[in-house]
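In: Using only what follows, build the 3D model:
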Amino acid sequence: RVRLYDLKDLSMVCKYKGAVNRSSQIEASFCADGSHIISGSENGFVYLWRTFHDFSRSAAARRDVNDFYESFAAPVSSQHGDQVTAAVFAPVPGLFADEGISENSEVLVSADYNGCIHVYSNAPKPQ
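Out: Predicted coordinates:
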């Protein structure tokens, strides 16, 4: 479960649904501009949520629950399971330029239960 709290009054602002986390401590984190949240999951997926969602299109949608997410499967590294124990946005994507990743790309990094690290890039579409 990923939840966002307001530290002024400790009230819950929003629940971000989708990720599976029954027994592990898997942290979520924001991207640099705060527009997205990323988290690993016990089911082997990396989950991404937008922090702002236009609820005006759906009158029935709850404002304190966000179940609009994107996810992708992380590679399985061994027989110990497929838990993604950590997932973050790379703070300086340009550091990966030597690896053939464009400086304009978003770079995500995940780690699994065995400590294997995976790097993903999402290049913007050419104009």
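In: okay, CA-based contacts and neighbour counts for the rest of this
Out: Noted.
In: got any ranges where the chain has weak pLDDT?
Out: Scanning the chain for pLDDT under 70 picks out the ranges 53-63, 77-81, 96-104, 123-127.
In: Find the residue at the geometric middle of it.
Out: The centroid of the chain falls nearest to I38 when counting by Cα atoms, centre = their mean (1.6 Å).
In: How about it, nearest residue that isn't a chain neighbour?
Out: Spatially, and ignoring its direct neighbours in sequence, I38 is nearest to L48 (4.6 Å; Cα to Cα, 6 or more residues apart in numbering).
In: Could you double-check that that neighbour sits in contact with G40?
Out: No - counting by Cα atoms under 8 Å, G40 is not a contact partner of L48; they are 9.1 Å apart.
In: Neighbour count for those two, which is higher?
Out: Regarding L48 and G40, a neighbour count based on other Cα atoms under 10 Å identifies G40 as having more, with 29 against 23.
In: could you list every residue that touches that one?
Out: A19, I26, E27, A28, V46, Y47, Q83, V84, T85, A86, A87, S110 (Cα atoms under 8 Å, 6 or more residues apart in numbering).
In: 6 Å instead, please
Out: With Cα atoms under 6 Å, 6 or more residues apart in numbering as the criterion, the residues that contact G40 are V46, V84, T85, A86, A87.
In: in this protein, which spans are strands?
Out: Ranges of strands in the chain, per DSSP state E, are 2-6, 11-16, 28-30, 36-39, 45-50, 65-66, 69-73, 84-89, 106-112, 117-122.
In: Reformat those strands as JSON lines; add distance to L95.
Out: Converted to JSON lines, these look like this (distance: least, Cα to Cα, whole Å):
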{"stretch": "strand 2-6", "distance to L95": "29"}
{"stretch": "strand 11-16", "distance to L95": "30"}
{"stretch": "strand 28-30", "distance to L95": "19"}
{"stretch": "strand 36-39", "distance to L95": "20"}
{"stretch": "strand 45-50", "distance to L95": "22"}
{"stretch": "strand 65-66", "distance to L95": "32"}
{"stretch": "strand 69-73", "distance to L95": "23"}
{"stretch": "strand 84-89", "distance to L95": "13"}
{"stretch": "strand 106-112", "distance to L95": "10"}
{"stretch": "strand 117-122", "distance to L95": "12"}
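In: All set, thanks.
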